[in-house]
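What follows is a predicted protein model with its sequence.
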Amino acid sequence: MDFSTFINNLTPAAIFFYVLSFLTILCGLMVVLARNPIHSVLFLIGTFFCLSGHYVLLNAQFLAAVNIIVYAGAIMVLFLFVIMFLNLRQEDEESKTNLVKIAATIVGGTLGVIMVGVLRKSQFGSYNPYEFDSQVGMVESLGNVLYNDYLLPFELASVLFLIAMVGAVMLGRREAGDRHF
Amino acid sequence: MAFSIDAAFIIKAIIILLIFAITLLIATYSTYAERKVAAFIQDRIGPNRAGPFGLLQPIADAVKMFFKEDFIPSHASKWLFILGPCLSMLTALMTSAVIPFGDSIKYEAAPGKVWDVAVQAIDVNIGILYVFGVVSLGVYGIMVGGWASNNKFSLLGAIRAASQNISYEISMGLAIVAILMMTGSLSIRHIVEQQHGGNWNIFYQPLGFVIFITCAFAECNRTPFDLPECETELIGGYHTEYSSMKLGFYLFAEYINMFVSSAMIASLYFGGYNYPGMDWVQAKLIAATGEITGHNLATLVGTLAFFGKSLFFVFFYMWVRWTLPRFRYDQLMNLGWKGLIPLAIVNVILTGGAILYLKPLVVSLLK
């Protein structure tokens, strides 16, 4: 099968999938390769966008929207916020010695090898496209699963978030007589 | 068969284009209305030179914006400087996709075969989350532009915008949660349909409405919360370095945001295209002009009601802008975190209690 027949046989969903995947990988690479931290953050936002596109293709609209709201809309704004304050525009040469570079390559390479190994070992169960419920990613079914089958883990996770929040407030609390600005 | 699908597609395309055009038109004339309202409140005349009553003023402004020198500061990071206003405009225009502007248009493709096309670009079952997601992205335009200008005042404006948006998004989300508890659906169309006639959410959620509209003011960066462009402290805030149409995009995006948030307020709390006596009007119109034309005319009346409500809130935005002075930054943060968020949580608890205990009581009393 040559390339042109492959292109001609693509369904619209497949075209979307390939374009989105290309964009996702491109944005992901640019996060690492961009020299300016602000550019990295913006590419990371782009990656989250493309991932949301993948969720929509999988008919998981709720996950797509929540991914945008939480990651692209809230967490990345805080990233950008902090990086703007730090003013990292000039290259910080001290953190880029050869030792750091070699260590980073080894750590990153090891992580990559582990991920590839796990993917190769893992057995993806096959699914029957005729019996597959296309509504499984919708908010109604997700809510049913969360509040029926996984109620305890869900509530425990919310308690964990509450603890983290209280901890953050305690750390950021102004002491008596202490002025920050 | 193929023809009729095409016809439904064409009607949908026309609706989408119309919504887009109307959003832009309303935003254009909001700039005119803002100055007229300001003039009225301050006992002046306002723009009256270009065209009758100054009606051509927005067009004159746009032409002026286009012909001004487009200047990019040499120390700015060029691509991000261009990206900022584009992002602002993009996120502002994306939101209107899920707002239901009217009931539905019926179209007879063949005898006995009637197509029912909703007056809405797309009806997704997570509509309100979509709006919320796009709104939370709106701050990037300001942050990117403010940072890329490489100006201390721009950066301060950008940082203020970011912290303000994040703070007020939380209470806005909590105010919406109370609505979701009442309706049990994330689709804006469902929320509007449940407010049939005069059964509007404002009567059940007055506190939620006050919280929501306060947060909407903060999210649109409108006075009294226009700290990001506070001219007495920050020159022009995030758009200090901008000129020409890039500045125009920032200012225009604000007016689009104003209209879209007014439309959201109208559909969430004031019944959207519902109005008291709508069933009577629809029955009369159907009796007078027939099933399909009558339905379409009733839809048109509903859409007009919706635009009336939305435009009232656009006016409300201007009214507040020319009446209230600007908050101080610490007052803004105190109001957001210590005032509105606890209030919104109380509202959620009250709504939950009312749904659990009050609603069965009222229903049993009415029986």
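Good, I have the coordinates.

Apart from its neighbours in sequence, what residue is nearest B:A50?
Once flanking residues are discounted, B:A50 sits nearest to B:L56: 4.0 Å by Cβ to Cβ, 6 or more residues apart in numbering or on different chains. Using the backbone N, CA and C atoms, a C-beta is placed for each residue, glycine as well.

Which single residue of chain B approaches chain A most closely?
B:S136 (2.9 Å; Cβ to the nearest Cβ).

does B:D116 count as helix, strand or coil?
Of the three states, B:D116 takes strand according to DSSP: H, G, I helix; E, B strand; the rest coil.

err, B:K106, not the other one
Taking three-state DSSP, the label given to B:K106 is strand.

tally of neighbours for it?
B:K106 has 17 neighbours, counted by other Cβ atoms under 10 Å in any protein chain shown.

Can you tell me who it pairs with across the strands?
Counting by DSSP bridges, B:K106 forms beta bridges with B:D116.

got the contact list for it?
B:114-117, B:291-292, B:295-296 (Cβ atoms under 8 Å, 6 or more residues apart in numbering or on different chains).

what domains does the record give for chain A?
A:6-89, A:134-175 (the TED database).

I'd like to know which helix or strand in chain A has the lowest mean pLDDT.
Ranking every helix and strand in chain A by mean pLDDT, DSSP states H and E puts helix A:3-8 at the bottom, with a mean of 75.

Which strands or helices does it pack on?
If contacts are counted by 3 or more Cβ pairs under 8 Å, 6 or more residues apart in numbering or on different chains; DSSP states H and E, helix A:3-8 sits against no helix or strand.

residue ranges of the helices in the chain, please?
Using chain A. Under the criterion DSSP state H, chain A contains helices at A:3-8, A:12-33, A:37-57, A:61-67, A:76-86, A:98-121, A:139-148, A:151-172.

ah, I was thinking of chain B
Counting by DSSP H, residue ranges of the helices within chain B are B:2-41, B:57-67, B:78-94, B:127-148, B:152-183, B:188-193, B:206-219, B:231-234, B:244-269, B:278-289, B:291-321, B:329-334, B:341-353, B:359-366.

Tell me where the model's unsure across the stretch 51-200 of chain B.
B:109-112 (pLDDT under 70).

Flag every residue of it that's near chain A.
Residues of the stretch 51-200 of chain B lying close to chain A by Cβ under 8 Å from any Cβ of the partner chain are B:77, B:80, B:124-126, B:129-130, B:132-134, B:136-137, B:139-140, B:143-144, B:147, B:155, B:158-159, B:162-163, B:165-166, B:169, B:186.

Between which two of the contacts of B:K106 is the distance greatest?
Farthest apart among the contacts of B:K106 by Cβ to Cβ are B:V117 and B:E291. That separation is 15.6 Å.

Looking at these two now, which is surrounded by more residues?
Each of B:V117 and B:E291 had its neighbours counted (other Cβ under 10 Å), and the higher figure belongs to B:V117 (17 against 12).

Verify the stated contact: the more buried one with B:I10.
No. Using Cβ atoms under 8 Å, B:V117 is not in contact with B:I10, being 9.7 Å away.

Name the stretch among the helices of chain B that sits most buried.
helix B:127-148 (a mean of 26; mean count of other Cβ atoms under 10 Å in any protein chain shown).

quick one, it and helix B:152-183 angle?
For helix B:127-148 against helix B:152-183, the angle by axes from the mean of the first three to the mean of the last three Cα atoms, to 10 degrees is 170 degrees.

counting contacts, what elements does helix B:127-148 pack onto?
Contacts defined by 3+ Cβ pairs under 8 Å, 6+ apart place helix B:127-148 against helix A:37-57, helix A:61-67, helix A:76-86, helix B:78-94, helix B:152-183, helix B:188-193, helix B:244-269.

any chance of the ones you listed in a markdown table, with distance to B:R44 too?
Shown next, in a markdown table, are the helices and strands packed on helix B:127-148 (distance: least, Cβ to Cβ, whole Å):
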| stretch | distance to B:R44 |
| --- | --- |
| helix A:37-57 | 43 |
| helix A:61-67 | 45 |
| helix A:76-86 | 39 |
| helix B:78-94 | 29 |
| helix B:152-183 | 29 |
| helix B:188-193 | 39 |
| helix B:244-269 | 21 |
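
Out of these, flag the one nearest B:Q331.
Across the helices and strands packed on helix B:127-148, B:Q331 has its closest neighbour in helix B:152-183 (11.9 Å, Cβ to Cβ).

Chain neighbours aside, what residue packs nearest to B:T223?
Distances taken as Cβ to Cβ, 6+ apart put B:R321 closest to B:T223, at 4.2 Å, once the chain neighbours are dropped.

likewise A:V77?
In this structure, A:V77 finds its nearest non-sequential neighbour in B:A162, 5.4 Å apart by Cβ to Cβ, 6+ apart.

Give me the most central residue, chain A.
The centroid of chain A falls nearest to A:F48 when counting by Cα atoms, centre = their mean (5.5 Å).

residues touching that one, list them.
By Cβ under 8 Å, 6+ apart, the residues touching A:F48 are A:67-68, A:71-72, A:76.

quick one: which two of those are the most distant?
Taking Cβ to Cβ, no two of the contacts of A:F48 sit farther apart than A:N67 and A:M76, at 11.2 Å.

Taking chain A, what residue is nearest to chain B?
Counting by Cβ to the nearest Cβ, chain A gets nearest chain B through A:G73, at 2.9 Å.

quick one: contacts for that residue?
Neighbours of A:G73 in contact, by Cβ under 8 Å, 6+ apart: B:133, B:136-137, B:169.

With adjacent residues omitted, what lies nearest to it?
B:S136 (2.9 Å).

can you check A:L78 too?
B:I166 (7.3 Å).

Likewise for B:I265?
Of all residues not flanking B:I265 in the chain, B:F313 sits nearest, at 5.3 Å (Cβ to Cβ, 6+ apart).

Kindly report the same for A:I38.
On the basis of Cβ to Cβ, 6+ apart, the spatially nearest residue to A:I38 that is not a chain neighbour turns out to be A:I83, at 6.0 Å.

now A:N59
A:G137 (5.0 Å).

so how many other residues sit close to the one you found?
A:G137: 17 surrounding residues under other Cβ under 10 Å.

who's in contact with it?
So A:G137 contacts A:55, A:58-63 (Cβ under 8 Å, 6+ apart).

Which members of these are the farthest-apart pair?
The most widely separated members of those, counting by Cβ to Cβ, are A:L58 and A:F62 (11.3 Å).

between the two, which one's more packed in?
A count of neighbours by other Cβ under 10 Å puts A:F62 above the other of A:L58 and A:F62, at 19 against 14.

Touching, the more buried one and A:V145? I think so.
No. Here A:F62 lies out of contact with A:V145, judged by Cβ under 8 Å, at a distance of 11.5 Å.

picking up where we left off before, adding neighbour count, write the contacts of A:F48 out as CSV.
Listed next are the contacts of A:F48 as CSV, based on neighbours: other Cβ atoms under 10 Å in any protein chain shown:
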residue, neighbour count
A:N67, 20
A:I68, 24
A:Y71, 18
A:A72, 22
A:M76, 19
